[in-house]
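1. everything below, folded, please.
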Amino acid sequence: MVELMVALGLGGFGYFKTRRFVREKLRFVEAVQRPVAPVVAGLATGVAAGVLVFVLPFVGGLTIPVLAGLGIGAGVSHGAKDSKRLPPA
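-> Below is the predicted model:
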């Protein structure tokens, strides 16, 4: 139960921070606007979190890497859409 709460918290935190970062800082970067960018970001996060979970003996399962990857990928996707809609700074 604690693992699920940590995974949901990490996924939500990653989503909101990534969405804001992409919307504000990566607004004019064309690579973020490509459809493959959220997939690459989510997979990279999932792999990095998977390695961390594998190394730490007291945390188990793949729930944390999967939800963290989904959160980051969704944040990149929605942040890119937001940056298209916002007027230029």
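
2. in the chain, what spans have low per-residue confidence?
-> Low-confidence segments of the chain, defined by pLDDT under 70: 57-60, 88-89.

3. gap between the residue nearest the centre of it and D82?
-> Against the mean C-alpha coordinate of the chain, by C-alpha atoms, centre = their mean, the closest residue is I72 at 0.7 Å. As judged by C-beta to C-beta, to the nearest Å, I72 and D82 stand 15 Å apart. In short, each C-beta sits where N, CA and C put it, glycine included.

4. cool, L67 as well?
-> Per C-beta to C-beta, L67 is found 22 Å from D82.

5. which residue of those two possesses the greater neighbour count?
-> Neighbours per residue, other C-beta atoms under 10 Å: of L67 and D82, the larger number sits with L67, 22 against 15.

6. ok, the residue lying closest to the more buried one once chain neighbours are set aside - contacts?
-> Distances taken as C-beta to C-beta, 6 or more residues apart in numbering put G11 closest to L67, at 3.8 Å, once the chain neighbours are dropped. Contact analysis of G11 by C-beta atoms under 8 Å, 6 or more residues apart in numbering lists L67, A68, L70, G71.
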